[in-house]
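Student: Provided below are the primary sequence and the corresponding predicted coordinates.
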Amino acid sequence: MRRLKLTRRGLFKASAAAGVAGAAVSALAGCGSGNSQDTTEPVVVDSDSAVDVMADESPYEYVDDHGYTLENTWTLPLGTVLRPAEGTWVPATLAGSSALPMCKGGALSVESGTLNEVVSAPLGTATTTVIYDVACSDKVYAWVELDVTTRAWTLYASKFSDGALEGDTQKLWDGTSDYDPAPLAASGSKVIWQVQPSLSGKKTSEHSYCYIWATGDSNAKRAVESPGRFATRPTVSGDVCVLTPRVRADEGTYYGATAYSISDNLSTQVDQLVLPASVKPFRATRVGEKFLISIEASYSSGGLLSKMGTYIGTRSGDFIKIDREPSECPAGSTDGVYVIKSRSSYAVVDEQNQKYSALLSVDRAVDYGEYPARCGECDLFVTFATVKDADTGYPASVTVRTFRLNS
């Protein structure tokens, strides 16, 4: 892996190839040593200590009313894939109109349903380069480009306003096939990403790092270090970012779901829940004072948090459990209403009133799945699904729905 240094020739080549709002590209280097982990004790509690929301003997009552009102439904072109985001604009990858480019970077307004093309083509000059992943807030847009032949990748970002790039585009990072394409998230004017060794590369024993950069900064900050790969991608929820670095490395394999303050560039550790030994979380976020942790496999030991399901609670315990195979990152409201994706529906759990319900997927979407475009704290829940044509049975379009939590 190498960090980029700007040259006039490199800048000219990148700018000429851009095709993205005429933006110039400059290079960025990381700085700082990363947070040391102030770790808590692993949370190991008895398997019967949580309230299983959907169990027959549960105090939770099933109700028909899930507490959300459907606000909008929009139909988008086939091949549109949304990514979770915090604001009005939700990032998306769009199918190219021809083989080159294969994908474009876009953004959907969840207020108006407007779908904008944001990055019309990769900045990379190789014909095998594709737009691999995107993230945005209402102020910044970031994307990863991947050379599908060499597996080399580059992370770019730009200011973002009213659904379009604004000003210069920055090249934030450059990686080889020895490192995974960066999992990323965006919040406010900041981009957060992880650099971690590939499972099959030559750098498997190296540490992983999380970086943060804000528009206008000349350097990215190396904020969090993990002695091994992070278990999950970064998730933004309210004013925190949740990461799952390896912790207590001298004692074994432990992952700590850790909430960091975004306002001070992940310098402050707000909260942490350390999972039992060898238990690797599938997804992790935080809503209010509670972590939402999804476990996709059952382990032979570790107590409550070692079994498949989604858990909502704190490091002090007091968990509730949704005993379903998790699919995507949970979302929820600080009022204690949580939405957990399962196979063909969402479980909506009202912890305060001890009720639960189901929010069903849109019709003709089961084969291809419906997915959330929100993660962590939100009052407006957003979903998208590839929908089959009623007559032919072939995929025809993408349906986006927005739901507002009733007050």
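Tutor: On my side now, so go ahead.

Student: tell me the contacts of residue 374?
Tutor: Each residue near residue 374 by Cβ atoms under 8 Å, 6 or more residues apart in numbering is listed here: 84, 85, 331, 380, 381, 382. C-beta coordinates here come from the backbone N, C-alpha and C atoms, glycine included.

Student: Could you check how far it is from residue 187?
Tutor: Applying Cβ to Cβ, to the nearest Å, one obtains 13 Å for the distance of residue 374 from residue 187.

Student: and if you look at residue 338?
Tutor: Using Cβ to Cβ, one gets 21 Å for the distance from residue 338 to residue 187.

Student: hang on, residue 71 packs against residue 400?
Tutor: No. Counting by Cβ atoms under 8 Å, residue 71 stays clear of residue 400, with 11.1 Å between them.

Student: out of the two, which sits in the busier spot?
Tutor: Between residue 71 and residue 400, residue 400 has the larger neighbour count (other Cβ atoms under 10 Å), namely 23 against 14.

Student: wouldn't the more buried one be in contact with residue 70 here?
Tutor: No. Using Cβ under 8 Å, residue 400 is not in contact with residue 70; the gap is 11.5 Å.

Student: Extract the residue ranges of the stretch 201-350 of the chain that are flagged as low pLDDT.
Tutor: Applying pLDDT under 70 to the stretch 201-350 of the chain flags no residue at all.

Student: all strands of it, in order?
Tutor: Taking DSSP state E, counting those that start in this stretch as the criterion, the stretch 201-350 of the chain contains strands spanning 208-214, 219-226, 235-237, 240-243, 246-247, 254-261, 269-274, 283-287, 290-295, 309-314, 317-322, 331-332, 337-341, 345-350.

Student: could you redo these as CSV and give each row mean neighbour count and distance to residue 127?
Tutor: Below are the strands of the stretch 201-350 of the chain laid out as CSV (neighbours: other Cβ atoms under 10 Å; distance: least, Cβ to Cβ, whole Å):
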stretch, mean neighbour count, distance to residue 127
strand 208-214, 23, 29
strand 219-226, 21, 29
strand 235-237, 26, 34
strand 240-243, 28, 35
strand 246-247, 22, 38
strand 254-261, 24, 39
strand 269-274, 20, 44
strand 283-287, 27, 35
strand 290-295, 26, 38
strand 309-314, 23, 42
strand 317-322, 18, 45
strand 331-332, 28, 38
strand 337-341, 25, 36
strand 345-350, 22, 40
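
Student: and of those, who's closest to residue 178?
Tutor: Residue 178 lies closest to strand 208-214 among those, at 12.3 Å (Cβ to Cβ).

Student: which one of the strands of the stretch 201-350 of the chain lies closest to residue 91?
Tutor: Distances from residue 91 to each of the strands of the stretch 201-350 of the chain were compared by Cβ to Cβ, and the smallest falls on strand 235-237, at 12.2 Å.
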